[in-house]
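Visitor: With the input below, show me the fold.
(4 chains)
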There are 2 protein chains.
Amino acid sequence: MTAAAAPANRSNAPASWPACSACRAGASGVYAPLHRTTQDNISAVRTEFVSVRANALISRAGETPACVHTLRRGWAMQVAHLSDGRRQILHFFVPGDLLNVEALLLGERAQDASIRALTEADLCSFPVESARTLFDASPAQRESLLDYTRAYIAGLSRRLADIGQRSAQGRMAQLLLELWERLRARALVTDDSFEMPVRQEHLADALGMTPVHVNRTLGALRAAGIIGFDRKTMHVLDGARLRKVAEDE
Amino acid sequence: MTAAAAPANRSNAPASWPACSACRAGASGVYAPLHRTTQDNISAVRTEFVSVRANALISRAGETPACVHTLRRGWAMQVAHLSDGRRQILHFFVPGDLLNVEALLLGERAQDASIRALTEADLCSFPVESARTLFDASPAQRESLLDYTRAYIAGLSRRLADIGQRSAQGRMAQLLLELWERLRARALVTDDSFEMPVRQEHLADALGMTPVHVNRTLGALRAAGIIGFDRKTMHVLDGARLRKVAEDE
DNA sequence: CGACATCTTGAGAGACCTCAATGATGGTGG
DNA sequence: CCACCATCATTGAGGTCTCTCAAGATGTCG
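Guide: Predicted coordinates:
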């Protein structure tokens, strides 16, 4: 079930959809160049605005994605599944991210990973074809897309090196720093703290460890006074030491 | 030092370089469509044929690659480095692979990983610009490039899931199967065995484990009668059970 | 033959996992 | 409003996997 096929809630009147001009994804995401110059064109090709529930499947592995989505609210994750049910979270998407961007570059090829909502989330959908046309219109925009793709590949490579080479604390610190940076770029960090609607179970599947050990790892960082957290908020108390842990362990 | 800048051996006379028509990379690699129809064009843009020694640096992280290379003989690896010297091998290249293909797609961006020869190797070099022109000439060829890129990303994702979720035996089995498949596609497998000029230390850096444990893992697979190997040759004795280990562990 | 790289093996330590129980938190229905 | 429930976080104890350190064996090359 894709979001486009069976939205939990749908506004049928495009007029009632939230304005693209107010979109954080537009202002600071992959298509910022486009957003600055031709906002109307963006609105024109938006075919859907949906809210999905936590855990909703947004894009299914093995299918060719029909739409690119803007994640306007909530978090999502990209997941690879092993045949026996184990799963690896490849990437966390935060508000303002674009989902399925690879489809613009790679054409109508099947995805080998799913995208699933982590929380309740709002999505805007753009058919791949129209989005590609839009992106091709401006050289700056094309550049931005290629940069995004390069960064995506670099992110995968870095995560691979992290999981392959670093200890639990190092991996955790790397992930927290990455999220911290990305959320700060979206103005979602205040007072060195940010909402992190991710269960420890998700961190475990992203970092290649068990939920129990995620808990102990976070506990150690908290005991050291490096981070503070509760169920929903992560607080970076000592960025310098967090960076040191991320580098050294 | 890139291969182009300081080759170990260089044939100055293009006429003496091995013919593109006899190139395994051409016949079965990314640019097979091109190779079938316009071989002369390929030869025309080849700017270099070099042999490099084992361990030679072919493409340096942080620089923007000037050339795409065909690996005509020998093995190579793509490596990401951590600040403290630990390294993660992201990919093994086998004879017939193309190196730096991402440069065609992503433009003149800096690589974040190096490419290094694993063995003595022969390379043909093609400037990125000419290669891109060639590739853009045919739709089939463009498709092939996109397929290659998608497969590259899929490979990274799969390795990430392997290292994150599987045990040492599972990872090892996955890697052996992958190499087996890829080498078979190049007709480099005979009698279920193939040359594997890779030190156990390299397997360790690729799979996120220590050389000692690589040894014990291989030993266990050998003791189980699943594989046989010596310093240079890997023999798959029981493909079915190897696949089972790869899936289950 | 020596020098060197690589493989192999052992023994002990540490990191991480499994199983299992207890606490928190937030939502829901009575 | 409270009792109940599901979900998630936390903690303990013991086991397993993988690592570290170290020694010896094997192969390779000049």
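Visitor: Strands of chain A, start to end?
Guide: Taking DSSP state E as the criterion, chain A contains strands spanning A:9-10, A:48-52, A:57-59, A:67-73, A:76-81, A:87-93, A:98-99, A:114-117, A:121-127, A:193-195, A:227-229, A:233-236.
Visitor: Looking at those, which is nearest to DNA strand D?
Guide: For DNA strand D, the closest of the strands of chain A is strand A:227-229, at 7.2 Å, according to CB to the nearest atom of the strand. (C-beta placed from N, C-alpha, C; glycine too.)
Visitor: residues from chain A in reach of DNA strand D?
Guide: Residues of chain A lying near DNA strand D by CB under 7 Å from any atom of the strand: A:199, A:200, A:201, A:211, A:212, A:215, A:216, A:218, A:219, A:231.
Visitor: just checking: which of those also lie near DNA strand C?
Guide: A:212, A:231.
Visitor: Kindly reformat the residues of chain A next to DNA strand D as TSV and extend each row with pLDDT, distance to residue A:241 and neighbour count.
Guide: As requested, those are exported to TSV (pLDDT from 0 to 100; distance: CB to CB, whole Å; neighbours: other CB atoms under 10 Å in any protein chain shown):
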residue	pLDDT	distance to residue A:241	neighbour count
A:199	96	25	13
A:200	97	21	17
A:201	97	26	12
A:211	97	25	13
A:212	98	24	10
A:215	98	20	14
A:216	98	18	13
A:218	98	15	19
A:219	97	16	11
A:231	88	24	8
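Visitor: Which members of the residues of chain A next to DNA strand D occur in helices, if any?
Guide: The members of those that map onto helices under DSSP state H are A:200, A:201, A:211, A:212, A:215, A:216, A:218, A:219.
Visitor: hang on, isn't residue A:233 packed against residue A:198?
Guide: No: applying CB atoms under 8 Å, one finds residue A:233 not in contact with residue A:198, separated by 11.3 Å.
Visitor: between these two, which one's more packed in?
Guide: Of the pair residue A:233 and residue A:198, residue A:198 is the one with more neighbours under other CB atoms under 10 Å in any protein chain shown, namely 19 against 12.
Visitor: Now do the residue most central in space within chain A, the pLDDT please.
Guide: Chain A has residue A:93 as the residue nearest its centroid, 0.9 Å off, counting by CA atoms, centre = their mean. With respect to pLDDT, residue A:93 has a value of 95.
Visitor: Quick check: bridge partners of it?
Guide: Under DSSP bridges, the beta-bridge partners of residue A:93 are residue A:76.
Visitor: do the same with residue A:70
Guide: Bridge pairing for residue A:70 (DSSP bridges) gives the partners residue A:98, residue A:124.
Visitor: Show me chain A divided up by domain.
Guide: Listed domain ranges for chain A are A:3-148, A:167-248 (source: automatic domain parsing).
Visitor: got the ones in helices among the residues of chain A next to DNA strand D as a markdown table, with distance to chain B columns?
Guide: Shown next, in a markdown table, are those (distance: CB to the nearest CB, whole Å):
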| residue | distance to chain B |
| --- | --- |
| A:200 | 16 |
| A:201 | 14 |
| A:211 | 14 |
| A:212 | 16 |
| A:215 | 18 |
| A:216 | 18 |
| A:218 | 18 |
| A:219 | 21 |
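Visitor: Of all pairs in these, which one spans the longest distance?
Guide: A:201 and A:219 (15.5 Å; CB to CB).
Visitor: can you tell me which of the domains of chain A comes nearest to residue B:242?
Guide: domain A:3-148 (15.1 Å).
Visitor: Surely residue A:93 and residue A:76 touch.
Guide: Yes: Residue A:93 is in contact with residue A:76 according to CB under 8 Å; the separation is 4.2 Å.
Visitor: Mind picking out the helix or strand in chain A with the poorest mean pLDDT?
Guide: strand A:9-10 (a mean of 44; mean pLDDT, DSSP states H and E).
Visitor: which stretches of chain A have low pLDDT?
Guide: Low-confidence segments of chain A, defined by pLDDT under 70: A:1-15, A:25-26, A:28-29, A:38-40.
Visitor: run the last query once more with 50
Guide: Applying pLDDT under 50 to chain A flags the ranges A:1-12.
Visitor: Run the angle between the longest helix along it and strand B:76-81 for me.
Guide: Ordering each helix of chain A by length in residues (DSSP H) puts helix A:139-165 first. Relative orientation of helix A:139-165 versus strand B:76-81 (axes from the mean of the first three to the mean of the last three CA atoms, to 10 degrees): 90 degrees.
Visitor: close to DNA strand C, is helix A:139-165?
Guide: No: Helix A:139-165 is not in contact with DNA strand C by CB under 7 Å from any atom of the strand; minimum separation 10.0 Å.
Visitor: Give me the nearest residue to residue A:115, chain neighbours excluded.
Guide: Closest residue in space to residue A:115, ignoring its immediate chain neighbours: residue A:59 at 4.0 Å, by CB to CB, 6 or more residues apart in numbering or on different chains.
Visitor: Also residue A:171?
Guide: Spatial nearest neighbour of residue A:171, chain neighbours left out: residue A:207 (4.6 Å); criterion: CB to CB, 6+ apart.
Visitor: For that neighbour, give me its contacts.
Guide: Applying CB atoms under 8 Å, 6 or more residues apart in numbering or on different chains to residue A:207 gives the contacts A:162, A:163, A:168, A:171, A:172, A:175, A:214, B:164.
Visitor: neighbours around the closest residue to the second one other than its chain neighbours, how many?
Guide: So that's residue A:163. Once flanking residues are discounted, residue A:163 sits nearest to residue A:208: 4.7 Å by CB to CB, 6+ apart. Residues lying near residue A:208 (other CB under 10 Å) number 22.
Visitor: Please apply the same query to residue A:240.
Guide: Using other CB under 10 Å, residue A:240 has 9 other residues around it.
Visitor: same deal with residue A:221?
Guide: When neighbours are defined as other CB under 10 Å, residue A:221 has 23 of them.
Visitor: Pick out the residue in chain A sitting closest to DNA strand C.
Guide: residue A:213 (3.0 Å).
Visitor: What does residue A:85 show for phi and psi?
Guide: Here is the backbone geometry of residue A:85 (degrees, to the nearest 10): phi 100, psi -20.
Visitor: how many other residues sit next to it?
Guide: Applying other CB under 10 Å, we find 6 residues neighbouring residue A:85.
Visitor: Please determine how far it is located from chain B.
Guide: The gap separating residue A:85 from chain B is 10 Å, by CB to the nearest CB, to the nearest Å.
Visitor: Of the ones in helices among the residues of chain A next to DNA strand D, just say which sits nearest to residue B:144.
Guide: Distances from residue B:144 to those, taken as CB to CB, are shortest for residue A:201 (40.1 Å).
Visitor: excluding its backbone neighbours, what's nearest the closest one?
Guide: residue A:211 (4.7 Å).
Visitor: right, and the one you found touches residue A:217 too?
Guide: No: under the criterion of CB under 8 Å, residue A:211 is not in contact with residue A:217, lying 10.6 Å apart.
Visitor: which non-adjacent residue is nearest the residue of chain A found nearest DNA strand D?
Guide: Residue of chain A nearest DNA strand D, by CB to the nearest atom of the strand: residue A:200 (3.4 Å). With sequence-adjacent residues excluded and distances taken as CB to CB, 6+ apart, residue A:200 is closest to residue A:214, at 4.6 Å.
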